[in-house]
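>>> what follows is a predicted structure for the sequence shown.
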Amino acid sequence: MASQVWLIVGLGNPGAKYAKTRHNAGFMAAEAWAARHRIAIEKKKSAYLYGEGKFDLTPSPFPLREGEVRVIVAKPRTYMNLSGDAVGELAQRHHIAKERLIIVYDDLDLPLGRIRIRAAGSAGGHNGMKSIIERLGTQEFARMRIGVGRPEAAGKEAVDYVLEGFTKAEQAALDATIARACDALDEIIAKGIAGAMNKFNG
């Protein structure tokens, strides 16, 4: 039986080498949202790190529901291309309903500073999402894409670009994007994905 627990999974690659790279924007958003809600992502399983906490639905500006909901925030330890192993194990272990799963990840086709929320859809060329869809056997779960843009330099391969860090000039835009992503996650849990799409996809 599916539980009422929400699961937020930020995608990225583990280890200090990748910590500040564009491909780890999903990790950054998950970490920032967890910090906002005082959730420590420090429990270890072989395939992921995770933390558990509560999200308070009662305070303004979210008056539509009452009480608290339990939320799990996780970061796979499997490397990006095997993200499905971690998400599948998490979803099974905690009996997560697909309606309460949110995957957060980087997107080359969105400019830095933009986020895009969808209730379902294909992997769109993202290997982490491809792995998750294959493992879960469905595309019917929420995802939030965080724009990192495409390389401006001619000839630079995307695979190299996403494994580079953000420049100093990009940092302010990145910080604002991560904060916006956290606001959007709050909105999804409190009011539902349709309202969040209307508010944050513009």
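Everything's here; your move. Numbers count the residues shown, from 1 in each chain.
>>> looking at this protein, which helix is longest?
helix 168-191 (DSSP state H).
>>> which strands and helices sit next to that helix?
Judged by 3 or more C-beta pairs under 8 Å, 6 or more residues apart in numbering; DSSP states H and E, the packing partners of helix 168-191 are helix 25-36, strand 48-56, strand 101-107, strand 115-118, strand 142-147, helix 193-200. (C-beta placed from N, C-alpha, C; glycine too.)
>>> number of nearby residues for Gly20?
To be clear, residue 20 is Lys; Gly isn't right here. 14 (other C-beta atoms under 10 Å).
>>> find the nearest non-adjacent residue to it, please.
Gly165 (4.6 Å; C-beta to C-beta, 6 or more residues apart in numbering).
>>> distance check, that neighbour against Asn24.
9 Å (C-beta to C-beta, to the nearest Å).
>>> neighbour count: the two, which is higher?
Asn24 (27 against 13).
>>> that one contacts Tyr18, correct?
Yes - with contact defined as C-beta atoms under 8 Å, Asn24 reaches Tyr18; the gap is 5.6 Å.
>>> spit out the residues that contact the two alike.
Gly12 (C-beta atoms under 8 Å, 6 or more residues apart in numbering).
>>> tell me the buried residues in the worst-scoring helix or strand of the chain on mean pLDDT?
In the chain, no helix or strand scores lower on mean pLDDT, DSSP states H and E than helix 158-161, which sits at a mean of 88. Neighbour-count burial for helix 158-161, counted by 16 or more other C-beta atoms under 10 Å, picks out Tyr161.
>>> tell me what that helix is packed against?
Secondary elements touching helix 158-161 (3+ C-beta pairs under 8 Å, 6+ apart): none.
>>> tell me where this protein is predicted with low confidence.
1-3, 58-66, 153-155 (pLDDT under 70).
>>> what about 50?
60, 64 (pLDDT under 50).
>>> quick one: contacts for Lys43?
Contact analysis of Lys43 by C-beta under 8 Å, 6+ apart lists Leu49, Tyr50, Gly51, Glu52.
>>> the third one touches Ile41, doesn't it?
Meaning Gly51. Yes - counting by C-beta under 8 Å, Gly51 touches Ile41, with 4.2 Å between them.
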